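Colleague: 3D model of this:
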Amino acid sequence: MTQPPALYLLVALALCALVLVVPRLSASAGAAFLLSRLLREARRSRDADMARAAAYHDRLPAPARAEELDDRTWTDLDLDQVFVSLDHTASEPGRQYLYHLLRTPRLSIEPLARFERATRRLGSEDDATRHARTSLGQLDDPRAGYLVDLLYGDVPRRPRLWWLFPLLTAGSVACLALFAIWPRAAIVWLGVCVANVGVQLFYRPRVKRFIPALHELPAFLRTARTLGELPIAELADERRVLREGAATLGMLRRATWWLRFEPGQANELAASVYEYVNLLFLLDVNAFVLATETIRESRVVMRGMFEAIGFVDAAQSVAAWRSTLPRWTAPEFTEARKALHIEGLAHPLLTDAVPNSLDVEGASVLITGSNMSGKTTFVRAMGVNAVLAQTLHTACARVWRAPMLRVRTSIGRADSIVEGKSYYLAEVESVLALVRAKASGHQHLLLLDEIFRGTNTTERVAAGYAVLAHLNRGLDLVVVATHDLELLDLLGDSYTAHHFREQLAGGGLTFDYRIHPGPSSTRNAIALLELMDYPESLVADALATIDWQRGREPAG
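Modeller: Below is the predicted model:
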């Protein structure tokens with residue numbers, strides 16, 4: 001029986017209304033429908049999104065972060081910038097795992113030695129290592145950074161009537177198949193499509209924050225399967241975890257099969273077709289429902305796979321970073337003793353850094369010198385390289401020989417207008433954290449710059465002496481930069497004196513940025529006033545004051 005043309009017109013108009021109007025029925029519906037498009041438009045070259053880089057580390061349980069660097073030390077040493085400079089990872093999981101490594105110094109040699117073997121192997125150029133980097137590149141999409149939300153987040157359970165979703169998909173397909181022999185199937189299909197849109201509006205908001213990660217699961221599983229098959233003996237443990245995990249998660253691979261076909265942002269027509277197919281056939285919703293339940297049951301396996309992928313990528317990243325450095329060395333670790341030996345030390349963020357050396361035995365280090373001479377940079381370089389040595393088994397030096405050290409700092413300014421906290425109070429709290437750290441019984445590298453500079457000279461010197469004498473007890477190594485030369489006499493042989501120097505030449509100050517033994521002997525501050533054309537009477541008053549102060553000093 002021939003169907004009236006009005007039926008086809010009605011169906012056509014209804015479908016047009018369905019695909020154009022329904023997604024805009026409400027703000028939430030529109031947001032849910034356009035989510036994948038917005039995600040595609042948001043894909044850009046990876047930037048220094050430190051919150052996302054830290055997501056894996058921050059999600060780990062407390063025991064896995066027991067030895068992490070505290071926030072003050074991380075900030076004082078500018079380790080966000082250091083991380084960005086050394087990040088050569090090919091994937092988002094690798095980037096997050098590299099951050100975790102840098103944030104968590106090791107206190108035993110074995111894991112560092114294993115990481116070194118993997119790094120050296122992945123730094124070679126052969127088919128296996130090139131294949132590894134290519135495979136890791138499948139997870140370079142920023143959305144792969146949200147996989148940690150599936151591994152550690154609260155994944156929603158599937159609804160009680162979830163079994164209706166595949167039936168609706170099957171019904172939609174059946175109606176299209178029957179349309180040629182039963183045209184009224186178009187009306188039934190229209191009803192099924194309305195139901196499908198209703199499911200989208202109900203279910204997608206519940207899983208909205210997991211959608212980016214769910215779309216990356218196919219790439220995650222492909223990467224795991226490829227890396228697990230590579231003939232790299234130094235990655236035997238990681239390859240085993242990835243092979244076994246990929247075999248275990250075969251169901252997850254099938255459940256997310258449809259998601260792998262999502263078009264890229266370059267093809268807007270294909271992307272629109274993909275979105276409407278999902279809207280009318282619930283293909284992505286069915287993938288989400290099946291995948292989330294499998295993920296909930298397989299989280300331990302997936303976490304192991306994530307860590308294995310991250311380990312591989314972090315190792316190849318460090319190998320690539322090393323190739324950009326003017327000098328680097330694998331550190332030598334000694335038994336716990338109050339000594340270290342460093343040659344050619346440089347800060348990794350400085351392109352033309354002047355290398356410095358330091359040899360310490362049985363004492364801590366007190367560094368003097370004028371502003372801009374390089375003493376604070378040297379203190380920071382010490383801390384950064386101590387962290388790099390015990391995290392990435394790399395030091396920016398010719399020689400790094402030292403015990404395993406816990407690094408703690410009090411370097412940068414820490415006053416806070418928002419918290420109503422003065423600089424001095426913040427400094428007192430920061431130094432107190434170092435004092436309390438000694439109670440752990442572990443050996444520390446304690447780094448300080450201009451201790452208690454927020455108060456008057458007399459009290460600053462007295463308090464500084466008491467704190468530095470206390471911090472130096474035991475095996476802890478203290479490196480402090482200061483302008484207070486009085487501390488040298490008070491501390492005696494417990495601290496060896498070093499200095500950075502400047503010279504007046506060519507109408508200004510010049511610096512060699514090299515550390516020298518002994519206390520600072522230059523007195524250029526007032527000479528610089530004269531050089532800068534300060535009034536002669538002012539300069540004369542300053543010189544007279546120095547003579548007066550020296551006359552007050554006790555003889556001998």
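
Colleague: Only the buried residues of the helix or strand containing Ile526, if you could.
Modeller: Taking DSSP states H and E as the criterion, Ile526 maps to helix 525-531. Residues 526, 530 are the ones in helix 525-531 that count as buried (16 or more other CB atoms under 10 Å). Every C-beta, even on glycine, is put in place using the N, C-alpha and C of the backbone.

Colleague: Stretch 157-173 now?
Modeller: Quick answer for stretch 157-173 (16+ other CB under 10 Å): 158, 162, 165, 168-169, 171-172.

Colleague: mean confidence score for it?
Modeller: Confidence for stretch 157-173, expressed as mean pLDDT, is 79.

Colleague: residues making contact with that stretch?
Modeller: 188-189, 192-193, 195-196, 199, 203, 280-283, 285-286, 289, 292-293, 296 (CB atoms under 8 Å, 6 or more residues apart in numbering).

Colleague: now with 6 Å?
Modeller: The contact list for stretch 157-173, computed with CB atoms under 6 Å, 6 or more residues apart in numbering, reads 192, 195-196, 281-282, 285-286, 289, 293.

Colleague: From start to finish, how long is stretch 143-161 in a straight line?
Modeller: From its first residue to its last, stretch 143-161 covers 29 Å (CA to CA, to the nearest Å).

Colleague: again but with stretch 80-96, I slipped
Modeller: Terminal-residue distance, stretch 80-96 (CA to CA): 13 Å.

Colleague: hang on, the earlier thing: filter the contacts of stretch 157-173 down to the buried ones, PyMOL style.
Modeller: Selecting only the buried entries of those in PyMOL, with 16+ other CB under 10 Å as the criterion:
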select buried, resi 192+196+281+282+285+286+289+293
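
Colleague: which residues of the stretch 401-550 of the chain fall in helices?
Modeller: For the stretch 401-550 of the chain, the helices defined by DSSP state H, counting those that start in this stretch cover 423-437, 457-471, 486-491, 525-531, 536-552.

Colleague: Out of those, which gets the lowest mean score?
Modeller: Across the helices of the stretch 401-550 of the chain, the lowest-scoring stretch is helix 525-531, with a mean of 74.

Colleague: now the end-to-end length of stretch 366-379.
Modeller: Termini of stretch 366-379 sit 10 Å apart (CA to CA).

Colleague: remind me which residues of this protein are low pLDDT?
Modeller: 1-48, 253-271, 274, 278, 413-422, 505-508, 522-524, 549-556 (pLDDT under 70).

Colleague: can you give me the strands in this protein?
Modeller: 332-334, 339-345, 356-361, 364-368, 399-403, 406-410, 444-449, 477-481, 495-499, 502-505, 508-511, 516-517 (DSSP state E).

Colleague: thinking again about what came up before, roughly how far out does the helix holding Ile526 sit from the chain middle?
Modeller: Mean C-alpha position of helix 525-531 versus that of the full chain (CA atoms, centre = their mean, to the nearest Å) differs by 45 Å.

Colleague: and the contacts of stretch 157-173 as CSV, adding distance to Arg95?
Modeller: Below are the contacts of stretch 157-173 laid out as CSV (distance: CB to CB, whole Å):
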residue, distance to Arg95
Val192, 43
Ala195, 41
Asn196, 37
Phe281, 35
Leu282, 34
Val285, 30
Asn286, 31
Val289, 30
Glu293, 29
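
Colleague: Out of the contacts of stretch 157-173, flag the one nearest to His516.
Modeller: For the contacts of stretch 157-173, the minimum distance to His516 (CB to CB) is 66.6 Å, reached by Glu293.

Colleague: which residues does that closest one contact?
Modeller: Glu293 sits in contact with Arg158, where contact means CB under 6 Å, 6+ apart.

Colleague: quick one: contacts for the spatially most central residue of the chain?
Modeller: Of all residues in the chain, the one closest to the mean position by CA atoms, centre = their mean is Tyr99, 3.5 Å from it. Contact analysis of Tyr99 by CB under 6 Å, 6+ apart lists 53-54, 57.

Colleague: swap in Pro519?
Modeller: Contacts for Pro519 were tallied using CB under 6 Å, 6+ apart; they are 368, 488, 497, 499.

Colleague: what residues are up against the second one?
Modeller: Neighbour list for Leu488: 497, 519 [criterion: CB under 6 Å, 6+ apart].

Colleague: so Leu366 sits right up against Tyr495, yeah?
Modeller: Yes - counting by CB atoms under 6 Å, Leu366 touches Tyr495, with 4.2 Å between them.

Colleague: Comparing those two, which residue is more hemmed in?
Modeller: The neighbour comparison of Leu366 against Tyr495 (other CB atoms under 10 Å) goes to Leu366, with 25 against 21.

Colleague: That one and Arg114: what is the separation?
Modeller: As judged by CB to CB, to the nearest Å, Leu366 and Arg114 stand 38 Å apart.

Colleague: can you check Ala339 too?
Modeller: From Ala339 to Arg114 the distance is 27 Å (CB to CB).

Colleague: what do you get for Glu486?
Modeller: Applying CB to CB, the value for Glu486 to Arg114 is 48 Å.

Colleague: cool, and Leu490?
Modeller: As for Leu490, its distance to Arg114 is 46 Å (criterion: CB to CB).
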